[in-house]
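>>> Fold the following and give me the result.
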Amino acid sequence: MGGITEEEFLELTNAHTPKTFSLAVEDMARESDIGYLDAIIEYANDHEIEMDIVPKLISKPLKEKLEVEARKLHFLPGFVELPI
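Residues are numbered from 1 along each chain as shown. Predicted coordinates:
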């Protein structure tokens, strides 16, 4: 972990669980009318959370929403559905 002590890491993870982090990010995205990626970055900056810790704080539902957003923005390849 870059630039953060073990004690700081433990304090941070006690203050921010994946559930509380993800709920706060989703609320911020909804209230500020911004994307999930932008909300994650803004929330992390506002709460002085280092970016290398953020992936550990993202819940599965938020990860799925991020993936949908990334596909819409063409950051990830989309899936092609064949007509059956």
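>>> Roughly how far does the closest residue to residue 17 other than its chain neighbours sit from residue 34?
Spatially, and ignoring its direct neighbours in sequence, residue 17 is nearest to residue 57 (7.6 Å; C-beta to C-beta, 6 or more residues apart in numbering). Yep, even glycine has a C-beta here, placed from its N, CA and C like the rest. The spacing between residue 57 and residue 34, counted by C-beta to C-beta, to the nearest Å, is 18 Å.
>>> Residue 48 now?
20 Å.
>>> Tell me which of the two has more neighbours.
Between residue 48 and residue 34, residue 34 has the larger neighbour count (other C-beta atoms under 10 Å), namely 14 against 8.
>>> ok, and what's touching stretch 37-50?
1-4, 12, 16, 21, 24-26, 28-29, 32, 34, 51, 54, 57-58, 66, 69-70 (C-beta atoms under 8 Å, 6 or more residues apart in numbering).
>>> switch to 10 Å and redo it
1-4, 8-9, 12-13, 15-16, 21-22, 24-32, 34-35, 51, 53-55, 57-58, 62, 65-66, 69-70, 73, 75 (C-beta atoms under 10 Å, 6 or more residues apart in numbering).
>>> Could you point out the helix or strand that follows the least confident helix or strand in the chain by mean pLDDT?
Here the helix or strand of the chain ranked lowest by mean pLDDT, DSSP states H and E is helix 6-15, holding a mean of 70. Going down the chain from helix 6-15, the next helix or strand is helix 18-32, by DSSP states H and E.
>>> tell me which strands and helices that next one is in contact with?
Here helix 18-32 touches helix 36-46, helix 54-57, helix 60-72, going by 3 or more C-beta pairs under 10 Å, 6 or more residues apart in numbering; DSSP states H and E.
>>> Can you tell me which of the ones you listed is most buried?
helix 36-46 (a mean of 17; mean count of other C-beta atoms under 10 Å).
>>> between that one and helix 60-72, how big is the angle?
120 degrees (axes from the mean of the first three to the mean of the last three C-alpha atoms, to 10 degrees).
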